[in-house]
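**Student:** Pasted the sequence and its predicted model underneath.
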Amino acid sequence: MADHILAIDQGTTSSRAIVFDRAGRIVSTGQKEHRQILPKAGWVEHDAAEIWANVQEVIGLALTRAHLTRHDIAAVGITNQRETAVVWDRTTGEPVHNAIVWQDTRTQEIVDRLAAGGGVERYKPIVGLPLATYFSGTKIAWILENVEGARARAEAGDLLFGTTDTWVLWNLTGGAQGGVHATDVTNASRTMFMDLETLEWRDDILADFGVPRAMMPAIRSSSEIYGTAEDSSLLRQTPIAGILGDQQAATFGQAAFDAGDSKNTYGTGCFLIVNTGEQIIHSANGLLTTVGYKLGDGPTHYALEGSIAVTGSLIQWLRDQLGIIESAGQVEELARQVDDNGGVYIVPAFSGLFAPYWRPDARGAIVGLTRFANKGHLARAALEAVAFQTRDVLDAVNADTGVELGELKVDGGMVANDALMQFQADVLGVPVVRPRVAETTALGAAYAAGLAVGFWSGLDDLSANWQEDRRWEPTMDAAERDRQLRLWRKAVTKSMDWVDDDVR
């Protein structure tokens, strides 16, 4: 009997396959990192072919470790790094260029060119997003403008675009031999091309970007059968039945189904999402309006999102570029060796500042250094930067909704860091709550797929699966919280106005 769901989580640093049972518990996992390709300052790329090879491998690992076959899997869900752009040849399946990652800032000139015709918010009333290098639209435009022959091939109908959910789905369902070229509404809402009300591509905006509509995948709901795995796959004939962008998937996995529900995910970046129900709310405080989920023919649920570019990747930077830790897990141990941050603040604006500031001219800064500062202070400042950025976003959410958050549900890899979670509660002044299953991104994709095939009967089944694991209550004195927030925001101002005509 098919009593499990498999989720493919194609993330920024790795690809994972996770098998879940009916209670939403993890049965087994396969994971493999892929290369972070950094050709120039501000450029971040992935090899899409490497990602697809890794996805196939981790599927095998997850099935093998659980002693399962395709006959045990009722459906497959996909979740993914959302704005990373892949362009490939529909006949050969070969990418025309490395995937351009959501963190990449090379498209600022395209942003500036488009903004000259109406400002960075010229499309925001339609698509919910400001013009920014973050979203995939300008990345497609860059590939068409800079890869030899790409524009002619695209206009001839020979090239396809997709975020990595579409890339995995197309390959998993047959690739050049009939693969399904589709995405879901959550990923489509991150391109700058989808009308939030109609859930369709806007031909006028595509034309402004110079992107042929023939490249674009079909827009589908988040929970339906898109196709089945090809016969050569380990998952042969298994339905692929759920797709959610990673942050929407984490929200779904947290059972945040109703208006006012929220969560914060701590991964490569940090993403706070608040469900606004069937209402589209346009932010006046630097947040993004996005699609939360759509189940089959059901209504569309929308959300406000605060996107922070650098959180977990800041810890990777301490490890890989500075070498002050050997593994990400050591950062907590190092941070606990000091009583406080020693006056040191790190503003990790490696790709500019995202929400709520949206300052592409910002770059990373370490301020408050004295001879007293040591690597323990740097480690602590790095963790605190994650919490401070989350506070900035939460303040924007409260301003937009007029409702003060009573507690914050959290998930993602960094929630295993107790020191960070305690400081997060302290700097927010509200409790922070971790669920028993912290891998909510993959769980959300599994839920979407399971609903489509009747594995779970409805949202009540999923809500019943959610269980609290741990809660952190704030302990910091209010005056000390205000002092630290004042110094943090002073540090943020020091990161701004760095990039100009001869600095990228």
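**Tutor:** Everything's here; your move.
**Student:** Could you give me the buried positions within the top helix by length along the chain?
**Tutor:** Ranked by residue count, the top helix of the chain under DSSP state H comes out as helix 375-401. Using 16 or more other CB atoms under 10 Å as the test for burial, helix 375-401 gives 375-397, 400-401. Every C-beta, even on glycine, is put in place using the N, C-alpha and C of the backbone.
**Student:** And for stretch 44-54?
**Tutor:** Val44, Glu45, His46, Ala48, Ala49, Glu50, Ile51, Trp52, Asn54.
**Student:** can you check stretch 480-493 too?
**Tutor:** Arg481, Gln484, Leu487, Trp488, Ala491, Val492.
**Student:** Just the element for the residue lying closest to Pro474 once chain neighbours are set aside, please.
**Tutor:** Using CB to CB, 6 or more residues apart in numbering and skipping residues adjacent in sequence, the residue nearest Pro474 is Ala425, 4.6 Å away. Ala425 belongs to helix 418-428 when assigned by DSSP states H and E.
**Student:** tell me the average confidence for that helix?
**Tutor:** For helix 418-428, the mean pLDDT works out to 94.
**Student:** Now do that helix against helix 375-401, angle only.
**Tutor:** If you take axes from the mean of the first three to the mean of the last three CA atoms, to 10 degrees, helix 418-428 sits at 40 degrees to helix 375-401.
**Student:** C-terminal to helix 418-428, what's the next element?
**Tutor:** Following helix 418-428 toward the C-terminus (DSSP H and E): strand 432-435.
**Student:** which other helices and strands contact that following strand?
**Tutor:** Judged by 3 or more CB pairs under 8 Å, 6 or more residues apart in numbering; DSSP states H and E, the packing partners of strand 432-435 are strand 408-411, helix 418-428, strand 468-472.
**Student:** Buried ones in the longest one, by neighbour count?
**Tutor:** Neighbour-count burial for helix 418-428 flags Ala419, Leu420, Met421, Gln422, Phe423, Gln424, Ala425, Asp426, Val427, Leu428 (criterion: 16+ other CB under 10 Å).
**Student:** For Gly149, see how far away Asp89 is.
**Tutor:** Distance, Asp89 to Gly149, by CB to CB, to the nearest Å: 11 Å.
**Student:** Show me which of these two is the more surrounded one.
**Tutor:** Neighbour tally, Asp89 and Gly149, criterion other CB atoms under 10 Å: the higher count belongs to Asp89, 15 against 10.
**Student:** Val96 is in contact with the more buried one, correct?
**Tutor:** Yes - counting by CB atoms under 8 Å, Val96 is a contact partner of Asp89 at 6.6 Å.
**Student:** what sits in contact with each of those two?
**Tutor:** Arg153, Leu159 (CB atoms under 8 Å, 6 or more residues apart in numbering).
**Student:** Counting by contacts, list what the helix holding Ala425 packs against.
**Tutor:** Contacts defined by 3+ CB pairs under 8 Å, 6+ apart place helix 418-428 against helix 330-335, helix 375-401, strand 408-411, strand 432-435, strand 468-472, helix 478-494.
**Student:** could you give the angle of it to helix 478-494?
**Tutor:** Using the same axes, to 10 degrees: helix 418-428 against helix 478-494 is 100 degrees.
**Student:** CA atoms of helix 418-428 as PDB?
**Tutor:** Taking Å, rounded to 0.1, in the frame of the first residue of the first chain, the C-alpha atoms of helix 418-428 are listed here in PDB:
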ATOM      1  CA  ASP A 418      19.100  27.700  20.900                       C
ATOM      2  CA  ALA A 419      21.200  30.800  21.400                       C
ATOM      3  CA  LEU A 420      19.800  32.400  18.300                       C
ATOM      4  CA  MET A 421      16.200  31.400  19.200                       C
ATOM      5  CA  GLN A 422      16.500  32.900  22.600                       C
ATOM      6  CA  PHE A 423      17.900  36.100  21.300                       C
ATOM      7  CA  GLN A 424      15.200  36.200  18.700                       C
ATOM      8  CA  ALA A 425      12.500  36.100  21.400                       C
ATOM      9  CA  ASP A 426      14.400  38.700  23.400                       C
ATOM     10  CA  VAL A 427      14.700  41.200  20.500                       C
ATOM     11  CA  LEU A 428      11.100  40.700  19.400                       C
END
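**Student:** what would the buried residues of stretch 44-54 look like in CSV with pLDDT and distance to Val180?
**Tutor:** Formatted as CSV, the buried residues of stretch 44-54 follow (pLDDT from 0 to 100; distance: CB to CB, whole Å):
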residue, pLDDT, distance to Val180
Val44, 95, 28
Glu45, 97, 25
His46, 98, 22
Ala48, 98, 17
Ala49, 98, 19
Glu50, 98, 22
Ile51, 98, 18
Trp52, 98, 15
Asn54, 98, 20
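**Student:** Adding secondary structure and distance to Asp339, write those residues out as a markdown table.
**Tutor:** As requested, these are exported to a markdown table (DSSP: H, G, I helix; E, B strand; the rest coil; distance: CB to CB, whole Å):
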| residue | secondary structure | distance to Asp339 |
| --- | --- | --- |
| Val44 | coil | 36 |
| Glu45 | strand | 41 |
| His46 | strand | 40 |
| Ala48 | helix | 46 |
| Ala49 | helix | 49 |
| Glu50 | helix | 44 |
| Ile51 | helix | 43 |
| Trp52 | helix | 48 |
| Asn54 | helix | 42 |
